[in-house]
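>>> Just need the structure, nothing else, for what follows:
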Amino acid sequence: MAYEIMFASFTFFSIMRYLITRFTIPDAVQHKWRWYNVWISWIHALCAGLGCIYCVSIEPTLLNNLQDYDIRFAYNLIEMSTGYFWYDAIDVGVLSGSSLKESLILLCHHFVVILCFTVVVVTGDHVPIAIVCLLVEINSIFLHARQIFRMAKIYDGPFYTVNKIFNIITFFMFRFVSLSWMLRRVILDRSELSIGYFILLVTSFPLMIVINFGLFLQVLAKDVPAFTVLQKLQGSKNQNRKEKDACETLNGHMNGTHQTKPVMKAEVVSKLE
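Okay, here's the model as predicted:
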């Protein structure tokens with residue numbers, strides 16, 4: 001039954017993409033493929049995010065258990081999401097028209113998720129781990145909504161502002177706190193996991209956190225004015241420092257005091273750092 005649900009999910013999102021292309025898109029949208037892709041991602045995030053909330057609400061103890069979880073709905077939810085990630089990997093890798101270099105980070109993310117979820121689907125074990133991972137989709141509801149707003153050139157207004165606030169809050173809660181907490185649980189309770197799955201998790205979780213950190217900085221830079229001002233001040237400070245160093249080097253050449261030895265020492269220090 002597992003593979004049937006995965007195939008049905010893949011087919012469902014493919015049909016949804018076709019239906020979305022039948023609608024007229026806003027004139028402000030410059031990239032049609034990205035518009036369609038983000039809408040499909042938002043639909044998946046809504047289904048998976050609400051599904052995770054339901055699973056946690058009816059069985060809160062799943063957060064304290066890495067192994068056993070006998071609610072069929074949770075298992076089916078993981079199957080559905082696996083089908084979606086297969087769909088999106090093909091959409092990004094084949095239909096987007098982007099080069100492999102441009103889509104490499106997203107494809108690596110999808111590969112890791114598909115691998116982790118497939119182990120759960122095939123073995124039927126570790127369902128709680130996958131559900132905690134899917135809690136990320138609660139944030140994706142707001143993250144993808146933000147992308148839709150920005151592609152339509154909507155950068156302010158009450159809806160954008162409210163979505164922006166919820167996006168930042170849920171980003172921190174479900175992309176940093178929940179993943180870090182689960183990584184800690186995996187390390188502490190590693191005896192409950194096979195050695196292969198343990199290695200897969202302790203390598204994939206940090207990778208996800210690093211990717212999310214980079215994405216979080218991008219969100220803050222565009223949506224939080226104070227963070228943007230701080231970045232500009234830091235950039236200006238670094239630029240002034242570079243200009244000062246260049247002036248000192250130039251003066252050293254002009255005065256005949258520029259020496260090779262200190263420069264070589266600085267290069268060695270930079271390599272060590």
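>>> Cys116 and Leu200 touch, don't they?
Yes - contact criterion C-beta atoms under 8 Å: Cys116 and Leu200 qualify, at 6.4 Å. Using the backbone N, CA and C atoms, a C-beta is placed for each residue, glycine as well.
>>> could you check the distance from Leu134 over to Asn65?
Applying C-beta to C-beta, to the nearest Å, the value for Leu134 to Asn65 is 16 Å.
>>> Show me which of the two is the more surrounded one.
Applying other C-beta atoms under 10 Å to Leu134 and Asn65 shows that Leu134 carries more neighbours, namely 25 against 16.
>>> Ile15: which element?
Using DSSP states H and E, Ile15 falls within helix 2-20.
>>> where in the stretch 1-150 of the chain is pLDDT low?
Residue ranges of the stretch 1-150 of the chain with pLDDT under 70: 1-2, 67-68.
>>> tell me which strands and helices the strand or helix carrying Gly214 is in contact with?
Using DSSP H and E, Gly214 sits in helix 195-223. Packing partners of helix 195-223 (3 or more C-beta pairs under 8 Å, 6 or more residues apart in numbering; DSSP states H and E): helix 100-123, helix 136-151, helix 158-171, helix 178-188, helix 225-255.
>>> residues making contact with the third one?
By C-beta atoms under 8 Å, 6 or more residues apart in numbering, the list of residues contacting helix 158-171 from outside reads 138-139, 141-143, 145-146, 149, 154, 212, 216, 219-220, 223-224.
>>> buried residues in that helix?
Judged by neighbour count (16 or more other C-beta atoms under 10 Å), helix 158-171 contains these buried residues: 160, 163-164, 166-168, 170-171.
>>> Ile40: which element?
Secondary structure assignment for Ile40, by DSSP H and E: helix 32-58.
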